[in-house]
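Novice: Need coordinates for the following:
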Amino acid sequence: MSRLPAVSPESATGKAKELLDAVKHKLGLVPNMTKVMANSPAVLDGYLAFSGALNASSLPVKLREQIAIVTAQTNACNYCLSAHTAIGKMVGLTADELGASRNAGSPEAKTAAALAFARRLAQTGGSVTNADFENVRQAGWNDGAIAEIIASVALNLFTNIFNKSAETEIDFPVVKA
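Specialist: So this is what the prediction gives:
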């Protein structure tokens, strides 16, 4: 059971209802994470705005899910690992790609470099080295994409911390870190 209650979209009012209705309209469902975030419409609104902005990034959707997976694995966030494994399947990641992503692996050198950089960011709280930047650049990522990798990790760190501390009930097929 979650340490913070899940706000029911049916009983929500005001800004919380507006945001939860928008989530349902976009996804066709309202995940428990967003229901729990709705305890503070400012938190849910901030999450949706940041997530929405990154949806327009230059990073491929599969890579964004792989970054979410490696970040969740690194932080042992079972809610996020479960959610992004399910979403990863929906965007076309194979079982092998999903498994490799958990450990920053990929047969594609460019993807592997991005995932290794994402994992270093998550492991170090952003205290990466010049060599870490050089490795991701040498793999073919430009500075804009690197900024988007950093932002993707930051967004996922937020959801990892939120869901772990709230003990959000997992509403996806469970995958454990």
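Novice: Spatially, what comes nearest to residue 159 if we skip its sequence neighbours?
Specialist: residue 80 (5.5 Å; Cβ to Cβ, 6 or more residues apart in numbering). C-beta coordinates here come from the backbone N, C-alpha and C atoms, glycine included.
Novice: An error on my part: the question was meant for residue 74.
Specialist: Distances taken as Cβ to Cβ, 6+ apart put residue 122 closest to residue 74, at 4.1 Å, once the chain neighbours are dropped.
Novice: Residue 93 too?
Specialist: Residue nearest to residue 93 in three dimensions, not counting chain neighbours: residue 62, with 5.7 Å by Cβ to Cβ, 6+ apart.
Novice: Is that neighbour in a helix, a strand, or coil?
Specialist: helix (DSSP: H, G, I helix; E, B strand; the rest coil).
Novice: wait, isn't it in contact with residue 90?
Specialist: No: under the criterion of Cβ atoms under 8 Å, residue 62 is not in contact with residue 90, lying 10.5 Å apart.
Novice: between those two, which one's more packed in?
Specialist: Ranked by neighbour count (other Cβ atoms under 10 Å), residue 62 and residue 90 place residue 62 first, with 15 against 10.
Novice: for that one, what are its contacts?
Specialist: 88, 91, 92, 93, 97 (Cβ atoms under 8 Å, 6 or more residues apart in numbering).
Novice: tell me the two of the residues you listed that are most distant?
Specialist: Across the contacts of residue 62, the longest distance by Cβ to Cβ is 10.4 Å; it joins 91 and 97.
Novice: Looking at the two, which one has more neighbours?
Specialist: Between residue 91 and residue 97, counted using other Cβ under 10 Å, residue 97 has the larger neighbour count: 20 against 14.
Novice: what's that one sitting at in phi/psi?
Specialist: Dihedral pair for residue 97: phi -60, psi -40, per degrees, to the nearest 10.
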